[in-house]
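S.K.: Just the structure for this:
(one chain, ligands or ions: 1)
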Amino acid sequence: MSAPQLPIEAFPAWALLNDVEFKSAEVRSIEGKGFGLVAKKDIPGVSDDSSSTEAIIRIPRDLVLSAEAVEAYAKVDQHFRQLLEVAGHQSTRGDILLYLLTHLILSKRNSSGSKGCASTPWTEYIKFLPRSISVPTMWTSEEREFLQGTSLESSVNAKLSVLSREYDELSEKASTLPFWNDLLSESGMLEDWILADALYRSRCLELPHAGLAMVPGLDMANHSPKYLARYDETPEGDVVLLPSSGSGVSSGEEITISYGEAKSAAEMLFSYGFIDQESGVKELVLHLDALPDDPLGKAKFHIYKGPPIARLSLTEGNFRWHSPLLYLLILNEEDGLLFRVLQENTSGARELRVFWQDEDVTGQTDEFESLIQDHPLCQIFKLRAVSVLEERVTAQLEKITAEISYGATEQSQAANQPRVECMLAAEKLRDLEAQILQGAAAALENEKARLLLDARVVTYLGSMEDTQNEQASDQASNEDDDFS
Ligand SMILES: C[S@@+](CC[C@H](N)C(=O)[O-])C[C@H]1O[C@@H](n2cnc3c(N)ncnc32)[C@H](O)[C@@H]1O
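M.R.: You can find the predicted model right below:
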């Protein structure tokens, strides 16, 4: 059974009952975006004295779903307290997800008349939230195939594996609690966990004091790069939505906020389920593997604690890349990179450590770009990094430009058919990423050509060639000897 929903017409009553002030905005349906906030009168812009700027909406502190609110709920509900004790306290996200899951379950059980956990304003509020969110973790497996060749192909599959593992761990930990054991064994619970994650990802924001949080009412605001409002916390901890510029908002206009100005198309689709047409951010993340036949590959991935990625960006035609890991991946033992397993004197535990030019750099594995700076072969190392990245970019470009068959058609709104909107979102991502990869391939080719002209690289490659020629002639004369 899926959790029941309330019509949005019931929202003003919920807001009134819970002291949420909607002074100059209301929730309305917005074409192609679900619900959104719309100005119900002209809203003046920010005045010079910002303390006199009137809030568009105000949400009392008690309704904000933050780490603090989860703890407070655990104090009033013993079932939730037990769940939090066995499976919570690992991250704010994890605790908020437990709260959302509890409230999704609660909203179903209340409607079927049985007892559950203590009700809160979120028990009703959660019924206004969508049950299907356009983030790719909620796409069907056929719809996810549209992402083939994009940077989201592997990330979405990896995220789904993590969600499934998280749910198994939760069920395992809660199996000692009869109340939760019964509930979590019901069918459809993994889907509710995936829904809770999608709700959190697409609606959570960072407040200056409360930290990561979900704010009912404010989370009805849609995103625009030309946003008209911003949120803040008052000294009392209430959350307010304020006009963000001097020009204010006209009556009937949609009141948008910014979900982050530097997010790439893939990040927007992954977290919010749409790609912002107007965004100028052209960025792409590529996952990196160990180089083929690198005997140190496993050790490098073990010791490197950052994400195994290369970040590519195109800004006004200028290409940049950033990948601390890549500089570690291209170094070898002959260059002066060494791994050692050391034993801790006190605990006896064994620990892997990495050395560069005999210096222990275990704590600096993301600093190899600067660690190699003074090395005589620095330009050679850079050439290796650029060549490896160019190969990775070319391989991705081949994948992304390969034909994929779209099962969706204009009539595909029929049950179980892949949805056209998923196909269109994936196509948009594919086009944007192909553009970035093409720009990257051309720029890396130029960077490689420039490095190949560097005097130190020319000397080094020349000396390598001489050595190879000598070895070849030695081998040839040995072979002559053999035949004589
Ligand atoms: C914080 S909620 C905003 C309220 C939401 N529209 C609703 O109906 O509940 C974020 C979600 O709104 C939608 N959204 C926000 N801004 C959008 C935009 N510019 N274009 C399309 N969808 C948008 C996306 O589905 C996103 O996951």
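
S.K.: Give me the pLDDT for residue 113.
M.R.: Reported pLDDT at residue 113 in the predicted model: 44.

S.K.: likewise residue 273?
M.R.: You'll see residue 273 listed with a pLDDT of 97.

S.K.: Then residue 351?
M.R.: Residue 351 is assigned a predicted lDDT (pLDDT) of 91.

S.K.: ok, whatever residue of the stretch 1-150 of the chain ends up closest to the ligand to residue 272 distance?
M.R.: Of all residues in the stretch 1-150 of the chain, residue 34 sits closest to the ligand, at 2.5 Å by Cβ to the nearest ligand atom. (C-beta placed from N, C-alpha, C; glycine too.) From residue 34 over to residue 272 the distance is 11 Å, taken as Cβ to Cβ, to the nearest Å.

S.K.: if you go through the protein in chain order, where are the strands?
M.R.: Taking DSSP state E to define them, one finds strands in the chain at 25-30, 34-39, 57-59, 205-207, 211-213, 229-233, 239-243, 283-287, 309-315, 318-322, 337-343, 350-356, 359-360.

S.K.: Give me the number of neighbouring residues for the nearest residue to the residue of the stretch 1-150 of the chain closest to the ligand once chain neighbours are set aside.
M.R.: The shortest distance from residue 34 to any non-neighbouring residue, by Cβ to Cβ, 6 or more residues apart in numbering, is to residue 130 (6.1 Å). Residues near residue 130, counting by other Cβ atoms under 10 Å, number 16.

S.K.: Surely residue 130 is in contact with residue 33?
M.R.: No - using Cβ atoms under 8 Å, residue 130 is not in contact with residue 33; the gap is 11.0 Å.

S.K.: Go ahead and confirm the residue of the stretch 1-150 of the chain closest to the ligand touches residue 132.
M.R.: No - Residue 34 lies out of contact with residue 132 (Cβ under 8 Å); the separation is 10.0 Å.

S.K.: got CSV for the strands of the chain, with distance to residue 294 too?
M.R.: Shown next, in CSV, are the strands of the chain (distance: least, Cβ to Cβ, whole Å):
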stretch, distance to residue 294
strand 25-30, 51
strand 34-39, 48
strand 57-59, 53
strand 205-207, 39
strand 211-213, 38
strand 229-233, 48
strand 239-243, 50
strand 283-287, 16
strand 309-315, 16
strand 318-322, 20
strand 337-343, 11
strand 350-356, 14
strand 359-360, 21
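
S.K.: Quick one: the ones you listed as JSON lines, columns for mean neighbour count too.
M.R.: Below are the strands of the chain laid out as JSON lines (neighbours: other Cβ atoms under 10 Å):
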{"stretch": "strand 25-30", "mean neighbour count": "17"}
{"stretch": "strand 34-39", "mean neighbour count": "20"}
{"stretch": "strand 57-59", "mean neighbour count": "23"}
{"stretch": "strand 205-207", "mean neighbour count": "15"}
{"stretch": "strand 211-213", "mean neighbour count": "17"}
{"stretch": "strand 229-233", "mean neighbour count": "19"}
{"stretch": "strand 239-243", "mean neighbour count": "23"}
{"stretch": "strand 283-287", "mean neighbour count": "21"}
{"stretch": "strand 309-315", "mean neighbour count": "19"}
{"stretch": "strand 318-322", "mean neighbour count": "14"}
{"stretch": "strand 337-343", "mean neighbour count": "13"}
{"stretch": "strand 350-356", "mean neighbour count": "15"}
{"stretch": "strand 359-360", "mean neighbour count": "12"}
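
S.K.: out of the ones you listed, which comes closest to residue 198?
M.R.: strand 34-39 (12.9 Å; Cβ to Cβ).
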